[in-house]
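> Kindly generate the corresponding structure for this input.
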Amino acid sequence: MSLVERAREEVLRGADLTRAVRRVAAHHAPPWQALARVLAELHGAGSSIQPLLDDPQVTDVLVNGDDNVWIDAGTGLRRLDLHVDARELAQRLATLAGRRLDNAVPIVDGRLPDGTRLHAVLPPVVHGSAHISLRRAARAALTWEQLLASEFLDEEQAQVVSSLVRVRANVLISGAGGAGKTTLAAAALGRVAPSERIVIVEEAMELQPEHPHVVHLQGRRANVQGAGEVGLSDLVRAAMRMRADRLVLGECRGEEVRDLLAGFNTGHDGGWATIHANTAQDVPARLTALGALARMTPRTVELQAQAGLDAVIHVRRTGERRFVEQIGVVSKQGPLLVEPALSRDLAHPQTSLWGPGWPVLAAALDQELA
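Residues are numbered from 1 along each chain as shown. Sure, this is the predicted structure:
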């Protein structure tokens with residue numbers, strides 16, 4: 001009988017869960033390791049996977065069936081010699097996340113108690129056995145100094161981003177998944193004056209800036225009866241009524257774009273949001289596509305974005321490196337465009353390239369860059 005089965009048996013006999021776990025672990029040497037294994041099985045990702053999520057270097061754990069486990073520890077994906085029961089693990093993790101996963105509902109998105117993002121798929125939607133994707137929640141936001149030391153930002157970019165914070169520009173951070181959008185947003189928001197109130201809207205809490213006055217609003221999905229959903233659009237509207245000095249949307253990927261742009265156009269300056277896009281120049285097309293989900297015409301999106309947005313910061317990941325590739329300005333006349341203002345020369349990372357949007361950006365930040 002496994003340690004977990006023994007602990008469950010103790011609970012069925014009427015014992016308190018905490019006492020049952022401690023009692024079972026006490027009969028195994030060393031007891032603290034036994035305790036860790038039991039807790040990992042009951043409240044975490046299991047004795048095989050939880051240690052990987054506890055490793056501060058690991059960002060992603062991918063389970064492609066029973067004998068196909070991969071991790072990304074900052075150097076790209078690497079396969080491990082590890083066996084798991086993928087279907088049992090997927091269903092147990094879904095339960096921990098408060099979600100349903102079975103033949104009737106073969107796809108699940110959720111969040112584990114420790115903040116780890118869960119995505120799991122069961123056959124026949126996926127070939128073979130169950131597939132699980134786990135994205136570990138950041139334990140702590142990187143400091144501004146750490147971003148500079150890791151060359152995520154160069155000195156010129158750091159000065160511009162700091163100035164965008166101080167002049168209360170409305171900024172979008174674009175990039176692919178895992179490129180560092182949340183990392184940069186948290187560090188930038190950490191430079192907001194302590195006297196200001198930051199209200200952050202997210203599906204689940206990821207943005208954790210080092211700031212004394214942060215309010216987190218988190219979305220809620222509908223239950224199995226289809227009731228109780230609280231969407232990001234609802235939360236953005238709620239945030240605008242909460243005396244938000246800084247309105248922040250963790251990720252803009254749906255109809256909440258309408259409410260975000262409305263907020264940026266009704267006095268909520270100094271706001272930040274992230275958005276998925278291949279380049280800074282692709283952001284207008286992405287906004288137009290999201291606007292269509294909110295039944296906004298392209299012209300409405302264009303007018304709202306030009307009036308409410310000031311700059312786009314694009315981040316990129318290549319192999320082990322994550323860095324700010326470009327800072328652009330949003331055109332205020334003509335078609336909606338993002339004009340490059342300051343770019344990183346990939347061949348010479350220490351060299352910044354000034355683009356056609358630089359005079360506009362420099363004029364807006366003139367006092368800050370003087």
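
> Just say helix, strand or coil for residue 133.
Following DSSP: H, G, I helix; E, B strand; the rest coil, residue 133 is assigned to strand.

> nearest residue to it other than its sequence neighbours?
Counting by CB to CB, 6 or more residues apart in numbering, residue 133 lies nearest to residue 119, which is 4.3 Å off, once chain neighbours are set aside. Using the backbone N, CA and C atoms, a C-beta is placed for each residue, glycine as well.

> dump the residue contacts of the one you found.
107-109, 132-134 (CB atoms under 8 Å, 6 or more residues apart in numbering).

> For stretch 63-70, give the mean pLDDT please.
Average pLDDT, stretch 63-70: 93.

> Grab the CA positions of that stretch and hand them over as CSV.
What follows is stretch 63-70 as a C-alpha-only set of coordinates in CSV (Å, rounded to 0.1, in the frame of the first residue of the first chain):
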residue,chain,number,x,y,z
VAL,A,63,3.9,15.2,-20.6
ASN,A,64,3.3,13.6,-24.0
GLY,A,65,2.0,10.3,-22.7
ASP,A,66,3.2,7.9,-20.1
ASP,A,67,6.9,7.7,-21.0
ASN,A,68,7.5,11.0,-22.7
VAL,A,69,8.2,13.9,-20.3
TRP,A,70,10.0,17.1,-21.2
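
> which stretches of the chain have low pLDDT?
1-44, 138-141, 223-225, 346-351, 367-370 (pLDDT under 70).

> How are the helices of it distributed by residue range?
3-12, 17-26, 31-43, 46-54, 86-96, 144-149, 155-166, 181-189, 232-239, 256-264, 283-293, 298-308, 358-364, 366-369 (DSSP state H).

> how about these in JSON lines, adding distance to residue 316?
Output for the helices of the chain, formatted as JSON lines (distance: least, CB to CB, whole Å):
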{"stretch": "helix 3-12", "distance to residue 316": "43"}
{"stretch": "helix 17-26", "distance to residue 316": "45"}
{"stretch": "helix 31-43", "distance to residue 316": "35"}
{"stretch": "helix 46-54", "distance to residue 316": "26"}
{"stretch": "helix 86-96", "distance to residue 316": "31"}
{"stretch": "helix 144-149", "distance to residue 316": "14"}
{"stretch": "helix 155-166", "distance to residue 316": "13"}
{"stretch": "helix 181-189", "distance to residue 316": "10"}
{"stretch": "helix 232-239", "distance to residue 316": "25"}
{"stretch": "helix 256-264", "distance to residue 316": "23"}
{"stretch": "helix 283-293", "distance to residue 316": "14"}
{"stretch": "helix 298-308", "distance to residue 316": "22"}
{"stretch": "helix 358-364", "distance to residue 316": "19"}
{"stretch": "helix 366-369", "distance to residue 316": "24"}
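
> Save those helices as CSV, and put in distance to residue 271 and mean neighbour count too.
Output for the helices of the chain, formatted as CSV (distance: least, CB to CB, whole Å; neighbours: other CB atoms under 10 Å):
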stretch, distance to residue 271, mean neighbour count
helix 3-12, 46, 16
helix 17-26, 43, 17
helix 31-43, 36, 17
helix 46-54, 32, 19
helix 86-96, 34, 19
helix 144-149, 20, 15
helix 155-166, 11, 19
helix 181-189, 10, 24
helix 232-239, 10, 21
helix 256-264, 6, 24
helix 283-293, 15, 19
helix 298-308, 8, 18
helix 358-364, 16, 17
helix 366-369, 18, 12
